[in-house]
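A.B. asks: Okay, here's the prediction I keep looking at, along with the sequence it came from:
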Amino acid sequence: MFDRILVISVFFVASCGLAYELIAGALSSYLLGDSVMQFSTVIGCYLFAMGVGAHISRYIRDEDVLTRFVEVELAIGFIGGISAALLFLAFAWLAAPFRALLYVLVFAIGALIGMEIPLVMRALHARQAQFADLVSRVLTFDYLGALAVALLFPMLLAPHLGLARSGFLFGMLNVAVAFWTILAFGTQVQRPRGKVLRAAIIFAILCAGFLASDRLVYWGERGMYGDEIVHAITTPYQRLVITRWHDDLRLYINGNLQFSSRDEHRYHEALVHPALESLPWARNALILGGGDGLALREILRYPNIKQVTLVDLDPQMTRLFSSSQPLVELNHDSFHDPRVRLINADAARWIETAQEDFDVAFVDFPDPSTFALGKLYSVPFYAMLKKRIAEHGLVVVQATSPFFAPHAYWCIEATLREAGFNTFPYHTYVPSFGEWGFILAGNENQFVPPKHYRLPMRYLNAAVSEEMFSFPPDMQRIEVEPNHLNSQALVRYFDEDWHRAIR
Amino acid sequence: MRRRDFLISATALAGAGGGLFAYGQRIAGSAAYPGRELGHWLRDAASLPTASETLETDVLIAGSGVAGLTAAWALKKGGVNEVLTVPGPEPHGNAAGGSDGGLRFPTGAHYLPLPSLESRHVREMLFEFGILQKDPYAPRPTYDERYLIHAPAERVLYAGAWQEGYLPTDGVSVDERAQHTRFFDIVDFYSNARGSDGKRAFAVPLEASSKEQRFLDLDKTSFRAWLVGQELEAPTLLWYLDYCCRDDYGRHLDEISAWAGLHYFCSRDGEAANAEKGAVLTWPEGLCALTERLERGAGGRRNWLEGSIARLSVGESGVEALAVAVRDGIPKTTRIKARYAVAAMPLYVLQHVFDGLSGYGFTRQRDLPRYAPWLVANFLMHAFPEEQPGAPLSWDNVVYREPGMGYVVSTHQDIRMSRPERTAFTAYYALSDAEPEETRRWLDRASGDELIHAASRDLRLAYGWRLPLCVERVAITVRGHAMAVPEPGFLSAAGRLALRDSQGPLYFAHSDLSGLSVFEEAAWWGYRAAAQIVARRA
């Protein structure tokens, strides 16, 4: 009976052992990249540490075997259980010693795990089990446990529980094995009461960690972004994080900065007003993207605008920006204006079937960093858009940076021309982005930058507007291919440009 | 714990784990066998029930594949309105498509190369359908970009990583790559070569190719023998060309005529003003997009008589036919009298339907091609599985050195911000390793699981155990006689040439007349039959 308990412990112990190894490997390749390197070094370090642990186990006296086994289990449960969360926080808050901490943890866990099997074997051997039989049983369950986790980890645990939670879960399993051993072998374990207490404390810590791992991830991200996190949500489409530092609110989508409240007025005034100041008769406006409601805020300032249709993919994003207090203050509660019609749909799919006509359209899509996003800057997409624009209407497209990604910027411009628009490129300086570019497009062959704005502006005036539409010598037009879907030149341009621009 | 207990519990544990894993790894699915039952019944039926009614029509079209639908469309354009189509067991034939909850996918062929200058018949229909938008007969016309294949077009899984293109180049020796270049130089040479008759060496339609002997001599050897003669034996190149032969002709390159092998590369030089050279046209539902437009252009199914033509005969006053339709297991026949008829069906069916074939000098032994069997498996996916390193998911995804032909992503041409919630991966599999007859016998008795296993090999290699977690179900279309195989000598099969020259009232229209199972050839014969009928009636 007691033998069986020990052998079954081996199954769980082995599964936990492999789990920590997989978690460390997965976490380090996730955070540092180069998964072959990370897995190789983690496994190497771990196996070596197991050897060290096995060696140390000889110094344990025969009568202490079960006691030490319980202690080893508790130690593994604690260190292994918190390892993933600890590593994640360490990466976020103190990037430098992350690798050192990783290998120290892996070594410690490995050494402890290396002691387990020798201790169990000695405990069983002391109960006079046949040696050949014993070795075979222990090792069989050892490998079975490994198999179970090797299958569960990638299919169930990593995708559904996440790395931090999985770590806590396996820690609890180790502590449970310790409990179980104390209960079964009470008399042979020294000072069982103290150990039960210790086990209970560790178990409680791990439980708390398991329940609070969302909170831990939040703290981790806060470390990465450097500022206090006001909101963080994962939607089916993206990860939205909003941070605050003094009066500066920032939105990050999948880790990329979308705006800073310090200077977003520059971006959105430049996006909206050159077009709308020139169209005093415009009534019906369209925004594709722009779920933060900031371009919307600027458009709604015009009393001549009777309806604004905003098409954004992510309902959770628009809900956040129409309900969260600081964000609503920022966009002047623009989503609740009765002139706004909000459509949560894939803008590219929506425009294909849309029927109505618009006097002005603002296209504020993510940068063309993938082939899928590149299609939103293609000749057929702009051709579909063109069909929805009134004869004298205008389109403004967010077009990446003409300074950092000049080929991409001029490719978007060439694409709009290929789709039959006349184009009027312009650019401005947004401190948190750098030099940024837009393209104004329409059917008419002339556009005069506004000499005067009817509405008060924080950033724009006649001089700034004039300068926006003139390109200095280091940002001159480059002759590039338009973005046809067949070759998607834009995605390659964008990729090459940014590779040159950032290290 | 005793040894016995231990063994039992260990086995049970391992068994339960393994069972759970195996259960999660199962892929559910179904198989369709278009035309199989009816075809076998017609082949074996000694006599048919007598017809209960007789219909008269100006033109009868027997078949609704690419050839039949093109004929119907062209007749309508030529002002012939009294046309009756008897569609046969599978409307749209090898260009058929399927759908599931708004998702469309091909169950047959899925792409069309940009038509060359000679393929005026294809350009005409593409222009009418708005797919070709400007200058339909110009060297580089403008196409609707939604249908031009979007980048990234294709990739190959080679040595554990995906790379762009079909022919691996990363990790391939300089010497092998030199052979790749040499092969494409030869292709360039033949693409531009013209015979003394002024025609191109290789053209689409095939009938427009030069008849000069030095080109026709290529039909005397196999593609492999020709390649060996050219000292082109780099493993990657041979694999690629073998892949192309299986993809287009259903068999390995040692069974394919060198003329046909080169025709694939040298005839398709169509260009576009708004696409790269070598671009192709595609739709989520494959070529069904074209056959549906043809069908609509010909007036829809109002002039269809459900069923198949079981007997054809040529009489004094035209063509007599017997159509059969099986309803609730009971065959019902209709007699049809037509002034003209187009037999738009494959030769392996026609030989059982039309007794008069031998009158054209057609002999089964010499003129009936072998037919390659295929599986088209549509994996309906509720998620996109995680990818191996390298090039991103493309339209066509091929695994190096696998018997499958890779898989095509049906939603690739979508223009959208986020990935669709569902998609279909269409896996093609030319069963080219055993003799076609033997394979058909296997297909006949293979269970659904066996078919799924065979059809999912490439996808399993690409995604491993993650695949089943993303698959809702798989719909397999079994095509026992998917395509005629252009074996050495196929150009000179006299009986087939004679069918091309029929002076009516029965005309023949099928890609089998060319011997190459491609859209342009099938459309060509349908187009030509219609033109002949229009001319005769005038």
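C.D. replies: Thanks, I have it.
A.B. asks: contacts and neighbour counts: CA atoms only from here.
C.D. replies: Noted.
A.B. asks: Chain B contacts on the stretch 401-503 of chain A?
C.D. replies: A:His484, A:Leu485, A:Asn486, A:Ser487, A:Gln488 (Cα under 8 Å from any Cα of the partner chain).
A.B. asks: From B:Glu435, how far off is B:Tyr33?
C.D. replies: 19 Å (Cα to Cα, to the nearest Å).
A.B. asks: ugh, typo on my part, it should be B:Trp239
C.D. replies: Taking Cα to Cα, one finds B:Trp239 at 20 Å from B:Glu435.
A.B. asks: Neighbour count for the two, which is higher?
C.D. replies: B:Trp239 (19 against 14; other Cα atoms under 10 Å in any protein chain shown).
A.B. asks: so the more buried one touches B:Val399, yeah?
C.D. replies: No: counting by Cα atoms under 8 Å, B:Trp239 sits too far from B:Val399 to count as a contact (10.9 Å).
A.B. asks: Just give me the residue right at the centre of chain B.
C.D. replies: Centroid-nearest residue in chain B: B:Ala109, 4.2 Å away (criterion: Cα atoms, centre = their mean).
A.B. asks: For that residue, grab phi and psi.
C.D. replies: phi -70, psi 150 (degrees, to the nearest 10).
A.B. asks: what's near enough to touch the closest residue to it other than its chain neighbours?
C.D. replies: Nearest non-adjacent residue to B:Ala109, counting by Cα to Cα, 6 or more residues apart in numbering or on different chains: B:Ala95, 5.3 Å away. Shown in contact with B:Ala95 (Cα atoms under 8 Å, 6 or more residues apart in numbering or on different chains): B:Gly65, B:Val66, B:Pro106, B:Thr107, B:Gly108, B:Ala109, B:His110, B:Gly286, B:Leu287, B:Cys288, B:Thr291.
A.B. asks: hang on, the second one packs against B:Glu521?
C.D. replies: No: using Cα under 8 Å, B:Val66 makes no contact with B:Glu521, being 9.1 Å away.
A.B. asks: neighbour-wise, which of these two wins?
C.D. replies: More neighbours surround B:Val66 than the other of B:Val66 and B:Glu521, with 36 against 26 (other Cα under 10 Å).
A.B. asks: Spell out which residues of chain A are next to chain B.
C.D. replies: A:1, A:3-4, A:133, A:137, A:141, A:144, A:148, A:237, A:313, A:346-349, A:371-373, A:375-376, A:379-381, A:484-488.
A.B. asks: give me the element A:Ala361 is part of.
C.D. replies: Taking DSSP states H and E as the criterion, A:Ala361 maps to strand A:358-364.
A.B. asks: on that earlier part again, among the contacts of B:Ala95, name the ones in strands.
C.D. replies: B:Pro106 (DSSP state E).
A.B. asks: Which of the contacts of B:Ala95 ranks first by neighbour count?
C.D. replies: B:Val66 (36 neighbours).
A.B. asks: residues near the single nearest residue of the stretch 351-500 of chain B relative to chain A, how many?
C.D. replies: Nearest to chain A in the stretch 351-500 of chain B, going by Cα to the nearest Cα, is B:Arg416, at a distance of 4.8 Å. Counted with other Cα under 10 Å, residues neighbouring B:Arg416 total 20.
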